[in-house]
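Student: fold the stuff below for me.
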Amino acid sequence: IGQRAQVALDLLASDVGRFQGLVEDLLEISRFDAGAIRLHREDLLVAEFVRAAVAVSSVPSTPVTVSERGERVVMQGDRRRLARVVADLIDNARLHGGGDGHLAAEGEGEPIGHVWIAVEDHGAGVPLDERDLVFERFARGAVAGRRSTSDGAGLGLALVDEHIRMHGGRVWVEDRRDGESGARFVLELPAEEVGI
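Tutor: Model prediction:
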């Protein structure tokens with residue numbers, strides 16, 4: 001196969017991949033609207049879950065930090081859907097956040113009542129007035145458009161929000177806590193500490 005033909009084939013494959021992702025996102029949104037989403041909940045050891053979710057993401061080399069308390073946290077959740085949430089946030093960091101994300105998990109509260117799973121990046125961050133907008137469907141704000149994990153449709157972060165709310169949690173974006181530029185997307189999910 002010639003070089004020009006190979007380039008054309010690569011471009012076509014890329015377009016098909018983006019189209020497939022868009023169709024999957026639209027189908028998932030329609031399932032939410034129809035009330036057709038059924039969670040298959042199981043106990044998930046958070047540390048084990050996040051490491052496995054990162055390993056099968058688009059950037060399996062993404063660094064993962066789990067706090068000592070985070071190693072002892074269990075949550076009830078749908079493994080497949082939550083792994084997709086983690087993958088979407090890693091994709092978001094890769095595509096729009098400077099390319100090098102970092103994931104951290106820690107237990108929150110005394111006693112632990114929640115787990116925080118945070119993905120940080122080194123991008124431009126998200127201005128205060130756009131921090132809610134980035135989670136809206138088809139968001140087209142200046143940052144929202146760049147922060148969507150589905151090319152052009154603005155559904156990636158909206159799906160993250162839908163999945164997390166179905167699990168009784170919430171998601172938000174804030175500045176990195178170390179003072180460096182970038183965004184910190186935080187998932188807060190109900191969890192409890194267990195003896196291991």
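Student: tell me where this structure is predicted with low confidence.
Tutor: Across the chain, the ranges flagged by pLDDT under 70 are 14-34, 36, 139-154, 195-196.
Student: go again using 50 as the cut-off
Tutor: The model of the chain has pLDDT under 50 over residues 141-142, 144-145, 147-150, 152.
Student: in it, which spans are strands?
Tutor: When assigned using DSSP state E, the strands of the chain occupy the ranges 41-45, 64-66, 73-78, 102-108, 114-120, 170-175, 183-190, 192-193.
Student: please list the outside residues in contact with the fourth one.
Tutor: The set of residues that contact strand 102-108 without belonging to it, under CB atoms under 8 Å, 6 or more residues apart in numbering, is 46-47, 50, 54, 62-67, 69-70, 72-73, 86, 89-90, 114-121, 188, 191, 193. C-beta coordinates here come from the backbone N, C-alpha and C atoms, glycine included.
Student: can you give me how far it is from the chain middle?
Tutor: Strand 102-108 sits 13 Å away from the centroid of its parent chain (CA atoms, centre = their mean, to the nearest Å).
Student: next: the fifth one.
Tutor: Distance of strand 114-120 from the chain centroid (CA atoms, centre = their mean) equals 10 Å.
Student: what about the helices in the protein?
Tutor: In the chain, the helices defined using DSSP state H lie at 3-34, 46-55, 79-96, 142-146, 156-166.
Student: without its sequence neighbours, what residue ends up closest to residue 180?
Tutor: residue 122 (6.7 Å; CB to CB, 6 or more residues apart in numbering).
Student: how close does the one you found sit to residue 185?
Tutor: Going from residue 122 to residue 185 by CB to CB, to the nearest Å gives 13 Å.
Student: which one of the two has more residues nearby?
Tutor: It is residue 185, of residue 122 and residue 185, that has more neighbours when counted by other CB atoms under 10 Å, with 28 against 17.
Student: just list the residues touching the more buried one, thanks.
Tutor: Contact partners of residue 185, counting by CB under 8 Å, 6+ apart, are 89, 92-93, 118-120, 160, 171-173.
Student: of the residues you listed, which is the most crowded?
Tutor: Taking other CB under 10 Å to define a neighbour, the member of the contacts of residue 185 with the most is residue 89, carrying 30 neighbours.
Student: what's the closest non-adjacent residue to it?
Tutor: Taking CB to CB, 6+ apart, and ignoring the residues beside it in sequence, residue 89 has residue 119 as its nearest neighbour in space, at 4.1 Å.
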